[in-house]
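K.L.:
Sequence first, then the predicted structure:
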Amino acid sequence: MWETAEELTALQNLFDLSFDHASEHLLAIMTPERRLTAEQAVAEVPSPAVLNLATVTGAGEPRLSAVDGHLMHGHWYFTTDAGSPKARQLRARPAVSASYTPRDGFGVFCHGRAALLDGAEKQMLRDHFTTTYGADPEEWGTIAYFRLDASWMVAFAMTDDEMAKIEAEKAAREAAR
């Protein structure tokens, strides 16, 4: 976990505000006992995590792809090839949606804007990636480094009892085949 106390508080405030403005449908799924706190979310999300990232083309068409997401300091961070369509889309239209859904009953979802990084924050991310991957990302080509500034973000996990029931029902269906 890389978050300071202030960053966790800011992330928790974002979660709370997001749930305050959530639809009835979302609230029916992400009931209070399923909602993760900021501290729980950052503890549960690995680094890297497969982050599903939605961008928009110049023609307004949605594009979904996966990036290695790193939830650090209360933000998602990721890179992509600087010349890729995704990088071009993010520079021209930085509005994005992203989700981390590694399994049934668990997810982190957000909407916001992608910020192209340089300076100290880019170096922090480059150093983190070098440690994480065992190689300097700059050796991979020309890399664009991004931070996702979320304006809406929620995280949830089904309870252990709910997951046990789902697994039991799944096993019963498989046994009945």
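P.N.:
That came through fine.

K.L.:
For the longest strand along the chain, name the packing helices and strands.
P.N.:
Secondary structure of the chain per DSSP state E: the longest strand is strand 143-157. Applying 3 or more CB pairs under 8 Å, 6 or more residues apart in numbering; DSSP states H and E, we find strand 143-157 packed against helix 5-20, helix 38-44, strand 75-81, helix 85-92, strand 106-116, helix 119-133. Yep, even glycine has a C-beta here, placed from its N, CA and C like the rest.

K.L.:
go with 7 Å
P.N.:
helix 5-20, strand 75-81, strand 106-116, helix 119-133 (3 or more CB pairs under 7 Å, 6 or more residues apart in numbering; DSSP states H and E).

K.L.:
Just name the most buried of the ones you listed.
P.N.:
strand 75-81 (a mean of 22; mean count of other CB atoms under 10 Å).

K.L.:
partners of that strand in the sheet?
P.N.:
Applying DSSP bridges, strand 75-81 is found paired with strand 62-72 (antiparallel), strand 143-157 (antiparallel).

K.L.:
mind giving me CSV with the ones you listed and columns for distance to residue 30?
P.N.:
Formatted as CSV, those follow (distance: least, CB to CB, whole Å):
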stretch, distance to residue 30
strand 62-72, 18
strand 143-157, 4
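
K.L.:
which residues touch residue 3?
P.N.:
By CB atoms under 7 Å, 6 or more residues apart in numbering, the residues touching residue 3 are 42, 73-74.
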